[in-house]
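Undergrad: Give me a model of this one.
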Amino acid sequence: MAGYLIANYRITNPEGYQAYIAAVGPTILNHGGEILVAGEGSEPVEGEPGPVTVVLKFPSKDALRAWYDSPEYLEIIHLRTDNTEGTLVFADEFVMPA
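TA: Numbers count the residues shown, from 1 in each chain. Reported below is the predicted structural model:
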């Protein structure tokens, strides 16, 4: 069952955030992840979400956690957390009940 990362945030320091954008893609792909949604331009429909939405898909939630906890991601995570404000969650793929 696939595992998804869903993030929504505001960029608080665009200059500092650019280093994260340049570094994060290869870490995701090297761990079997897919970038389904990434970037500014989210259209608010309910609530007050930030303008940046990211949806990543991994083969499993374990694979997602392995990426998130990997040395190469831990080395750059501060480039996102220091320069953005928002939320990030892990979710399981939905399977329709029989």
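Undergrad: Work out for me the element Val54 sits within.
TA: According to DSSP states H and E, Val54 maps onto strand 52-58.
Undergrad: Going toward the C-terminus from that strand, what's the next helix or strand?
TA: Defined by DSSP H and E, the subsequent element after strand 52-58 is helix 61-68.
Undergrad: Pull out the buried positions in the next helix or strand after that following helix.
TA: The first helix or strand that comes after helix 61-68 along the chain, using DSSP H and E, is helix 71-74. The neighbour-count check on helix 71-74 (16 or more other Cβ atoms under 10 Å) flags Tyr73 as buried. Quick note: C-beta positions are derived from backbone N, CA and C, even for glycine.
Undergrad: For the next helix or strand after helix 71-74, which helices and strands make contact with it?
TA: Helices and strands here follow DSSP H and E; after helix 71-74, the next one along the chain is helix 77-81. Applying 3 or more Cβ pairs under 8 Å, 6 or more residues apart in numbering; DSSP states H and E, one finds that helix 77-81 contacts helix 14-30.
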